[in-house]
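Peer 1: Just a sequence and a predicted model for now, questions to come.
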Amino acid sequence: MTEQSELTVSGDEVLVERRDGVQVITINRPAARNALNENVARAVAAAADELDADDELRVGILTGAGGAFSAGMDLKAFLRGERPGLPGRGLCGITQTPPRKPMIAAVEGWALAGGFELMLACDLVVAARGARFGVPEVKRALVAAAGGALELANRVPRALALEMLLTGDPIDAARAEAAGLVNQVVDDGGALDAALGLAARISGNGPLGVAASKRIVRESPDWGADRWARQDEITAAVLNSQDAREGATAFAEKRDPVWKGA
């Protein structure tokens, strides 16, 4: 049976569901193309904290309602003095401090500016064919300072990153997939279902190994000559865990493993 619970913040602007160990976070401002305001930022950050704190949750999915991912910062809210960033944590609390557990972006329609940077904070991306991705800040004499300028060249070839950042022009899902920004392109309307399928493939694996693998991939670009020692520090606890023994035992007994996260 599918388990569902819902977190409501400031007029249902962010919805959070549980689906068999997968947390689905939906930015629910379709009339504003899911633009990011202070309420959305706090709610997404709270959901990310819940994802990491709850042992029953294995994977998070971030998406938007009404056929759009997010058009970025809500400029009307900005003029009222609202900021969708959290001190020390970045946009919506995840661009500087992403969750320890895997996060998948399920993108329909536009992922622009801050919305695109929110997507970059996710580890994997499933996109509808009609999705469009862009960092148009330079068109308003601004900079993609919530992660776009810093992170985009780590996800796509440098030439494409510079093209997107310097022209401000968007790219489509096919080009994003070819560049390695998107893991899977599906028919319009199917991004969330495909993301749930990908999440199920991840959540069936040992949670300690999954979290350690994500940590190594994210942190190792900053490591130096001691990178093997630093990796050993992370993996030692996994190799000595109850789950590692359970994985080997389940394989020998030809049964599905029962993970404890310890």
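Peer 2: Yes, it's here. Keep in mind the model is a prediction, meaning the values are calculated, not measured.
Peer 1: give me phi/psi at the residue lying closest to A31 once chain neighbours are set aside?
Peer 2: Leaving out its chain neighbours, the residue that sits closest to A31 by CB to CB, 6 or more residues apart in numbering is G66, at 7.8 Å. Yep, even glycine has a C-beta here, placed from its N, CA and C like the rest. As for G66, its main-chain torsions (degrees, to the nearest 10) stand at phi 70, psi 20.
Peer 1: Now for G66, how many residues are close by?
Peer 2: Per other CB atoms under 10 Å, the neighbour tally for G66 reads 15.
Peer 1: Do I have it right that it meets A32?
Peer 2: No - using CB atoms under 8 Å as the test, G66 is too far from A32 to be in contact (9.6 Å).
Peer 1: per-residue confidence at the residue nearest to A31?
Peer 2: For G66, the pLDDT comes out at 94.
Peer 1: mind listing what it touches?
Peer 2: P30, A31, R33, N34 (CB atoms under 8 Å, 6 or more residues apart in numbering).
Peer 1: which two of those residues lie the greatest distance from each other?
Peer 2: The span of the contacts of G66, defined through CB to CB, is set by A31 and N34 at 9.2 Å.
Peer 1: out of the two, which sits in the busier spot?
Peer 2: N34 (29 against 8).
Peer 1: secondary structure class for that one?
Peer 2: Three-state assignment for N34 (DSSP: H, G, I helix; E, B strand; the rest coil): coil.
Peer 1: Do a quick rundown of the strands in the chain.
Peer 2: 14-19, 22-27, 59-64, 85-86, 90-91, 103-107, 110-112, 124-128, 132-134, 171-172, 184-186 (DSSP state E).
Peer 1: what's in contact with the fifth one?
Peer 2: Counting by CB under 8 Å, 6+ apart, the neighbours of strand 90-91 from elsewhere in the structure are L36, A41, P84, G85, Q96, T97, G114, E117, L118, A121, A146, G147.
Peer 1: List the neighbouring strands of that strand plus their orientation.
Peer 2: strand 85-86 (antiparallel) (DSSP bridges).
Peer 1: quick check, distance from the strand it pairs with to the centre of its chain.
Peer 2: Remark: strand 85-86 is offset 16 Å from the chain centroid, using CA atoms, centre = their mean, to the nearest Å.
Peer 1: Include distance to A179 and pLDDT when you put the contacts of G66 into TSV, please.
Peer 2: TSV is the format used below for the contacts of G66 (distance: CB to CB, whole Å; pLDDT from 0 to 100):
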residue	distance to A179	pLDDT
P30	28	94
A31	32	92
R33	24	94
N34	24	95
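Peer 1: Just put the strands of the chain in JSON lines and tack on mean neighbour count and distance to P157.
Peer 2: Shown next, in JSON lines, are those (neighbours: other CB atoms under 10 Å; distance: least, CB to CB, whole Å):
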{"stretch": "strand 14-19", "mean neighbour count": "20", "distance to P157": "34"}
{"stretch": "strand 22-27", "mean neighbour count": "24", "distance to P157": "29"}
{"stretch": "strand 59-64", "mean neighbour count": "27", "distance to P157": "25"}
{"stretch": "strand 85-86", "mean neighbour count": "20", "distance to P157": "28"}
{"stretch": "strand 90-91", "mean neighbour count": "24", "distance to P157": "24"}
{"stretch": "strand 103-107", "mean neighbour count": "28", "distance to P157": "20"}
{"stretch": "strand 110-112", "mean neighbour count": "26", "distance to P157": "19"}
{"stretch": "strand 124-128", "mean neighbour count": "26", "distance to P157": "16"}
{"stretch": "strand 132-134", "mean neighbour count": "23", "distance to P157": "15"}
{"stretch": "strand 171-172", "mean neighbour count": "16", "distance to P157": "12"}
{"stretch": "strand 184-186", "mean neighbour count": "20", "distance to P157": "18"}
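Peer 1: can you tell me which of these comes nearest to M73?
Peer 2: Closest among those, using CB to CB: strand 90-91, at 8.2 Å.
Peer 1: Having no further points to raise, I will conclude here.
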